[in-house]
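**Student:** Provided below for reference: sequence and predicted model.
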Amino acid sequence: MPRDYDRSEIPSVYNLGDVTPYRDEEGFQQVVFRGIDQLIGFSRISPEKPEADPHTHPYEQTNMLLEGRLEFHVDGEWVELEPHDALTIPPEIPHTARPIEGEHATLLAFWPLREDRLDGTEYQREFPDL
């Protein structure tokens, strides 16, 4: 996994609201931001987001809702998140999320560094030559 960084670019500050989304789908936009060993997903979710089937992955995911309300389906159970609520999903646990009717939500997801999302961090100057 790429762990090198350009020390001359430290500190680097980015406004994630200004970064082109890595994922831009109906009702869902996500920007990813990396550190040395971690990745953050900054997601904006609107009522237009279609329902998605639960999925799993081999790493944990911690979520914190910043704005709005959101429902998470985790291992067969629905839970509602309100601003500042945090939820951790262990590895291999089926999960998905959906907006609550009429609500817009802003969510942070924290993962270990994921090679499948590194191309979404090419805007970061401190990690050249991914």
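**Tutor:** Yep, that arrived.
**Student:** use CA for all of it now, contacts and neighbours both
**Tutor:** Noted.
**Student:** And the strands in this protein, which stretches?
**Tutor:** In the chain, strands defined by DSSP state E lie at 23-25, 28-34, 38-45, 61-67, 70-74, 77-81, 86-89, 95-99, 105-112, listed in chain order.
**Student:** So what touches the second one?
**Tutor:** Defining contact as CA atoms under 8 Å, 6 or more residues apart in numbering, one finds that strand 28-34 is touched by 16, 19-24, 39-46, 49, 113, 117-118, 120-121, 124.
**Student:** I'd like to know which of these are buried.
**Tutor:** 21-22, 39-46, 49, 113, 118, 120-121 (16 or more other CA atoms under 10 Å).
**Student:** Show me where this protein dips below the pLDDT cut-off.
**Tutor:** 1-2, 129-130 (pLDDT under 70).
**Student:** Can you tell me how far the residue most central in space within it is from residue 21?
**Tutor:** The residue lying closest to the centre of the chain (CA atoms, centre = their mean) is residue 41, at 2.3 Å. Distance of residue 41 to residue 21, computed by CA to CA, to the nearest Å: 10 Å.
**Student:** Equivalent analysis for residue 101, please.
**Tutor:** 24 Å.
**Student:** Mind checking the strands of the chain for the one nearest to residue 6?
**Tutor:** Nearest to residue 6 among those is strand 28-34; the distance by CA to CA comes to 13.6 Å.
**Student:** Give the pairing partners of the closest one; include direction for each.
**Tutor:** strand 23-25 (antiparallel), strand 38-45 (antiparallel) (DSSP bridges).
**Student:** which residues does the residue nearest to the centre of the chain bridge with?
**Tutor:** Beta-bridge pairing of residue 41 under DSSP bridges involves residue 32, residue 109.
**Student:** quick one: it and residue 108 touch, right?
**Tutor:** Yes. Contact criterion CA atoms under 8 Å: residue 41 and residue 108 qualify, at 5.6 Å.
**Student:** Distance to residue 73 for the strands paired with strand 28-34 - can I get that in a markdown table?
**Tutor:** Output for those, formatted as a markdown table (distance: least, CA to CA, whole Å):
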| stretch | distance to residue 73 |
| --- | --- |
| strand 23-25 | 20 |
| strand 38-45 | 15 |
